[in-house]
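In: generate a structure from the sequence data that follows.
(one chain, ligands or ions: 1)
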Amino acid sequence: MTALILANATLHDCGRADLRIENGRIAEIAAGLEAAPGAERIDLGGALLVPGFVDGHIHLDKTLLGLPFQPHRRGETVAERIARERELRRELPGSVDERARHLIEQVVGFGTTALRSHVDIDSEVGLSGLHALLRVRESARELIDIQIVAFPQSGIIAEPGVKDLLDQAIRDGADLVGGLDPAGIDNDVTGQLDAIFAIAEHHGVGLDIHLHDPGPLGCFELRQIAMRAAALGLKGRVAVSHAFALGAVDDAEFGRTAEALAAADVAIMTNGPGPVPMPPVKRLVAAGVRVFAGSDNIRDAWSPYGNGDMLERAMMIGYRQGFLADADLALAFSLATTAAARELGLADYGLRVGAAADLVGIPTASIPEAVALHPPRALVMKRGHVLALHEPPRPAKRREGS
Ligand SMILES: [Zn+2]
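Out: Residues are numbered from 1 along each chain as shown. The predicted structure is shown next:
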C-alpha cells in the first residue's frame with residue numbers, strides 16, 4: 001500500500017500536525033510532512049482527528065433498519081418485552097444478514113471502527129443469529145472489527161437447552177459468553193452464574209452480562225459476579241451491561257459493590273438509558289471501576305430510537321450525568337473510545353505512531369466541543385483505507401460585481 005498523508009489535523013494533546021499512514025498504520029506524526037511522489041495527501045483543514053469510535057454494546061441481529069418503521073409493541077416487564085420481540089421476529093421479512101449489514105454501514109459512517117455485538121440465542125432461533133453474524137463479520141472485515149457475545153435473551157435456567165447452545169456458540173466462533181438478569185429472568189442467581197462462568201472458564205473466554213435487576217438485589221448480583229471473576233482467574237475479562245442498580249442504592253451499598261467490582265476489574269457498560277436509574281459514571285471511575293459505552297438497541301423491538309452514532313451517545317451519557325465541564329465531556333468521550341477499546345482488547349488502538357490507522361476526523365477544535373456538537377464526521381478511515389471523506393466547509397467565493 002502506498003503511503004498517505006493526513007495534513008492539517010488537530011490533535012487533542014499537541015495541536016496541529018500531519019500524519020503519515022503506511023500499511024494500515026500511523027507511521028509518523030509531525031509538522032510539515034511531504035507526500036511522496038504519487039502518494040495521496042488529504043487536507044483536513046484543521047479538523048479534530050481522533051481514534052475510531054468503539055461501540056461496546058450493540059445488537060446487530062435485532063435491528064429493524066432497512067425495513068419500514070415498526071410501531072413499538074409495548075411490554076411492561078423485561079419478560080413481556082422478550083415475548084413481544086419473539087412475536088415480531090417471526091413476522092419479519094428479509095434476513096438477519098441484510099439488516100445487520102445495513103446497521104454496520106450506518107455505524108461505519110459515524111466513525112465506529114470496532115464494536116461488540118450481542119446475539120440472541122434461545123430455543124427458537126438456536127444458533128442461526130450467531131451464524132448470520134459470523135458471515136456478516138467476515139464480509140465486513142475491511143470495514144470494522146466485530147466481537148460477538150453469545151446472549152441468552154430468554155434466560156438459561158428458564159429456557160431448556162440454552163446452556164448447551166451457549167457452549168456450542170463459543171465453539172462456533174462467538175468471543176464471549178453473555179448472561180441476563182440471573183434473578184429477574186431465571187430466578188436462580190447461583191444457577192445462571194455458575195452455568196455461564198463454567199462455559200467461560202472451560203473455553204478461556206470473557207463474559208458480558210446484561211443486568212437490569214434493580215436496587216440491592218442487582219448490587220448483590222454484581223458482587224456475586226465480581227466474586228466469581230476473581231475466584232476463576234477472570235479479572236479484567238468480565239463486563240456487566242446496564243447495571244441500573246448502581247444508580248439507585250444508598251452510599252454503603254454502592255461503596256461495597258464498587259469496591260468489589262474494582263477489585264475484580266469487572267467493567268460496567270452504560271448507554272445513558274432513558275428514565276431509569278443509571279450507573280454514576282464519575283463515582284465509579286473514582287472508585288477504580290472501568291466504565292465504557294455502547295449504543296444498545298437501535299431501531300428494534302426494544303426501542304424505536306438510536307442510530308449507532310457513538311459521539312452522539314457520549315453526548316447523551318454526559319447529558320444524563322449532568323456533565324458540563326470540559327474534563328467531564330472528555331470523560332464521556334473516552335467511554336466511547338479508549339475505555340471501550342480497552343474492554344474489547346484492541347491492543348493497537350490509539351492515536352500514536354505504530355497504532356492501527358483507524359481514525360475519525362471531526363470538524364471541531366476540541367474533544368469537548370465534538371461531544372457537545374457531535375457534527376457529521378469529516379473523515380472515517382479503517383486500517384489506512386478512507387471509508388468516508390467530506391470536504392471541510394470553505395468560505396463561498398464572492399461573485400464578481402456582487
Ligand atoms: Zn443489550
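
In: low-confidence ranges in the stretch 1-150 of the chain?
Out: Applying pLDDT under 70 to the stretch 1-150 of the chain picks out residues 1-2.

In: in it, which spans are strands?
Out: Using DSSP state E, counting those that start in this stretch, the strands found in the stretch 1-150 of the chain span residues 4-11, 15-22, 25-30, 40-43, 48-51, 53-58, 112-120, 145-151.

In: same deal with the stretch 251-400 of the chain?
Out: Using DSSP E, counting those that start in this stretch, strands in the stretch 251-400 of the chain cover 266-270, 291-293, 359-362, 379-382, 385-389.

In: which one of those strands lies closest to residue 53?
Out: strand 359-362 (6.6 Å; Cβ to Cβ). From N, CA and C alone the C-beta is placed, and that goes for glycine too.

In: any idea which helix or strand comes after the longest helix seen in the chain?
Out: In the chain, with assignment by DSSP state H, the single longest helix is helix 215-231. Sequence order places strand 238-242 as the next helix or strand after helix 215-231, per DSSP states H and E.

In: ok and that next one relative to strand 266-270, angle-wise?
Out: 30 degrees (axes from the mean of the first three to the mean of the last three Cα atoms, to 10 degrees).

In: for strand 238-242, packing partners?
Out: Judged by 3 or more Cβ pairs under 8 Å, 6 or more residues apart in numbering; DSSP states H and E, the packing partners of strand 238-242 are strand 206-211, helix 215-231, strand 266-270.

In: report the angle between the second one and strand 266-270.
Out: Comparing the axes of helix 215-231 and strand 266-270 via the same axes, to 10 degrees yields an angle of 140 degrees.

In: which outside residues touch helix 215-231?
Out: By Cβ atoms under 8 Å, 6 or more residues apart in numbering, the residues outside helix 215-231 that reach it are 182-183, 189-190, 193, 197, 207, 209, 211-213, 234-235, 237-238, 240, 243-246, 248-249, 253-254, 256-257, 260-261, 263-266.

In: and the gap between the nearest residue to residue 361 once chain neighbours are set aside and residue 108?
Out: Using Cβ to Cβ, 6 or more residues apart in numbering and skipping the chain neighbours, the partner closest in space to residue 361 is residue 379 (3.3 Å). For residue 379, the distance to residue 108 equals 12 Å [Cβ to Cβ, to the nearest Å].

In: likewise residue 221?
Out: The separation that residue 221 has from residue 108, given Cβ to Cβ, amounts to 35 Å.

In: so between these two, which is more surrounded?
Out: Taking other Cβ atoms under 10 Å, residue 221 and residue 108 do not tie; residue 221 has more neighbours (25 against 21).

In: check what pLDDT the more buried one gets.
Out: Note on residue 221: pLDDT of 98.

In: picking up where we left off before, mean neighbour count, the strands of the stretch 1-150 of the chain: which tops it?
Out: Most buried of the strands of the stretch 1-150 of the chain, by mean neighbour count (mean count of other Cβ atoms under 10 Å): strand 53-58, with a mean of 29.

In: how far out from the middle of the chain is it?
Out: Counting by Cα atoms, centre = their mean, to the nearest Å, strand 53-58 is centred 1 Å from the centre of its parent chain.

In: how about exporting that strand as CSV, limited to the C-alpha atoms?
Out: C-alpha atoms of strand 53-58 as CSV (Å, rounded to 0.1, in the frame of the first residue of the first chain):
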residue,chain,number,x,y,z
PHE,A,53,-15.2,5.1,17.9
VAL,A,54,-15.8,1.7,19.6
ASP,A,55,-19.3,0.6,20.3
GLY,A,56,-19.1,-1.6,23.4
HIS,A,57,-22.6,-2.9,23.2
ILE,A,58,-24.9,-3.3,20.2
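
In: got the angle between it and strand 206-211?
Out: Using the same axes, to 10 degrees: strand 53-58 against strand 206-211 is 60 degrees.

In: including distance to residue 373, could the strands of the stretch 1-150 of the chain go into TSV?
Out: As requested, the strands of the stretch 1-150 of the chain are exported to TSV (distance: least, Cβ to Cβ, whole Å):
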stretch	distance to residue 373
strand 4-11	14
strand 15-22	20
strand 25-30	25
strand 40-43	21
strand 48-51	11
strand 53-58	15
strand 112-120	18
strand 145-151	27
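
In: which one of these lies nearest to residue 88?
Out: Comparing those under Cβ to Cβ, the one sitting nearest is strand 112-120, at 12.2 Å.

In: what is the burial count for residue 102?
Out: 17.

In: ok, now residue 311?
Out: Neighbours of residue 311 (other Cβ under 10 Å): 26.

In: go ahead and confirm it touches residue 364.
Out: No: Residue 311 is not in contact with residue 364 according to Cβ atoms under 8 Å; the separation is 9.9 Å.
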